[in-house]
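Q: sequence plus the predicted model coming up.
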Amino acid sequence: MSIIQLSVIQVSPAKTAGRFITKLQHKIEASVNADGLPISGNQVYSIMLPVQQPVGKELTIDLDNYNIIDSEYLPKGNDKPVPLKWLSPKNEQKIVDDKTLLKVRFVCLANSFKEGGRCVAGIMLDENNNPILENGNPKWVRPVCNTEHGEVPTHLAVNINLLDIIEIKVLSYPNLNSYQSENALFEGNSLCVTGKYDKTKLHVLYDSNRLIFNNSPKVISEDHIKKQNRSLMFVKITDFEAYQITYEDDSKPKTRMKFTYYGNQYDLPVTDPVFLQKYQSNPEFVKDYSRIDITLSIGIVHEGWYYKLIAGIILF
């Protein structure tokens, strides 16, 4: 009997009332290569359960007989394992290798500097390259690796451009309950560019919220970050100004951008490497453009604060 311990990595309501599609992953994590990328072989399964399980919970499964043998599923007075078919409607009880279902396509809207490498992110697309929506806004994904800060190694990301259409194989979503819920641990050899997104269709990707991450300041406190369930936005800007500033503790000038969004003034650092290179070569080049579409991100905590960043800039 093949008894394995699996961890719950994602739960979503099924079409059948009172049922939950539960994605499980082996408790033992896949090996990683020198770049911190998962090596192929990590298995993900989907089952249908009548109880919503918390992410991170471990379940004991008999793969040979499709039995779930945790005590909470045993009928009173019965110590026999419960077949999964008891827990789900007809034809929905199978455990399946879900790796083929976890292929994700997205349009790249950020490929920014991040400590140790790059932060790549974009909006998910369907098979017709239309944006996938969630709660009325486009659904984001941020590929991450088993590296110190989740960064993607530079050599994997350096040739990716904004508006590239990318496909990856997602192994898990490790931060579903945090402000960086978009993070997706991906299979290292699966990242590939498959096309180019139509620049004239960017308007369908705009965020509908009128505040940048629910407030106007440039930082978010530790108390407020607990209320955030996302860390990426894509918006249109027509009133903006780039500038450089030098801080006392760092002699290297930093590029920032002031802009107005729905009447609120913002002043945020820029981490888009292509924009930074152009600006450093010729600071006046920005004046040739009357509109920018920008990707906004929330970085990791720094001295108790979470800083908002401009992670991608598309010029018009």
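A: Arrived safely, thanks for sending. Predicted model only: the values in this text are computed from it and were never measured.
Q: how many residues are close by residue 285?
A: Neighbour count of residue 285, defined by other CB atoms under 10 Å: 13. All C-beta atoms are positioned from the backbone trio N, CA, C, and that covers glycine.
Q: which one is it nearest to, not counting chain neighbours?
A: Spatially, and ignoring its direct neighbours in sequence, residue 285 is nearest to residue 278 (5.7 Å; CB to CB, 6 or more residues apart in numbering).
Q: which SS state does that neighbour fall under?
A: helix (DSSP: H, G, I helix; E, B strand; the rest coil).
Q: now the helices for the stretch 201-316 of the chain?
A: Along the stretch 201-316 of the chain, the segments classed as helices by DSSP state H, counting those that start in this stretch run 222-225, 273-281.
Q: which SS state does residue 55 fall under?
A: Secondary structure, three-state DSSP: residue 55 is coil.
Q: just checking, it touches residue 10?
A: Yes: the criterion here is CB atoms under 8 Å, and residue 55 meets it with residue 10 at 6.9 Å.
Q: shared neighbours of these two, anything?
A: residue 176 (CB atoms under 8 Å, 6 or more residues apart in numbering).
Q: between the helices of the stretch 201-316 of the chain, which gets nearest to residue 120?
A: helix 273-281 (11.7 Å; CB to CB).
Q: which residues sit in contact with residue 127?
A: Counting by CB under 8 Å, 6+ apart, residue 127 makes contact with residue 105.
Q: how much space between it and residue 190?
A: 17 Å (CB to CB, to the nearest Å).
Q: spatially, and excluding backbone neighbours, which residue is closest to residue 266.
A: residue 259 (5.5 Å).
Q: for residue 6, same thing?
A: That would be residue 24: by CB to CB, 6+ apart, it lies 3.8 Å from residue 6.
Q: so where does the one you found fall, helix or strand?
A: For residue 24, the host element (DSSP states H and E) is strand 20-26.
Q: can you tell me which residues contact residue 143?
A: With CB under 8 Å, 6+ apart, residue 143 has these contacts: 120, 121, 152, 168, 184, 186, 191.
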